[in-house]
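Visitor: Here is a sequence together with a model predicted from it:
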Amino acid sequence: MELRERHPDGAVVLTSHGDVIRAALVFCLGMPLDFYGRIEVGTGSLSTMRIDATGIRVIAINERTQPAA
């Protein structure tokens, strides 16, 4: 929440390893920790969470760009 307070009108990008991202997603989704292994976080993927005055929302999980044909 400190990041939201420091950047109330902006976006913040955080990068991390898959295990940390998976833990954040489980927390944001309100899932039990037992579900941790059910979420796949691919290398170089993008998961988007929105934190604002109304709470936490998960916008996207594990998005990846498609290679050019």
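Guide: Cool, the structure landed.
Visitor: Against which helices or strands is the lowest-mean-pLDDT helix or strand in the chain packed?
Guide: Taking mean pLDDT, DSSP states H and E as the measure, the helices and strands of the chain show their lowest mean at helix 2-6, namely a mean of 79. Helices and strands touching helix 2-6, by 3 or more CB pairs under 8 Å, 6 or more residues apart in numbering; DSSP states H and E, are strand 46-52. For every residue, glycine as well, the C-beta is placed using N, CA and C.
Visitor: all helices of the protein, in order?
Guide: Using DSSP state H, the helices found in the chain span residues 2-6, 18-28.
Visitor: any idea how far His17 is from Thr48?
Guide: Computed as CB to CB, to the nearest Å, the His17 to Thr48 distance reads 17 Å.
Visitor: ok, those two, which is more surrounded?
Guide: Legend: neighbour count by other CB atoms under 10 Å for His17 and Thr48, higher for Thr48 (12 against 9).
Visitor: List the beta-bridge partners for the more buried one.
Guide: In this structure, Thr48 has the following beta-bridge partners (DSSP bridges): Ala60.
Visitor: Would you mind confirming that it is in contact with Val58?
Guide: Yes - using CB atoms under 8 Å, Thr48 and Val58 qualify as a contacting pair, with a distance of 7.4 Å.
Visitor: Quick one: mean pLDDT for stretch 57-66?
Guide: Model confidence over stretch 57-66 averages 90 on the pLDDT scale.
Visitor: residues of it that come out buried?
Guide: Neighbour counts using 16 or more other CB atoms under 10 Å place Ile61 of stretch 57-66 among the buried residues.
Visitor: And the contacts of that stretch?
Guide: Contacting residues not belonging to stretch 57-66 are listed as 25, 28-29, 39-42, 44-51 [CB atoms under 8 Å, 6 or more residues apart in numbering].
Visitor: buried subset of these?
Guide: For the contacts of stretch 57-66, buried by 16+ other CB under 10 Å: 25, 28, 39, 41, 46-47, 49.
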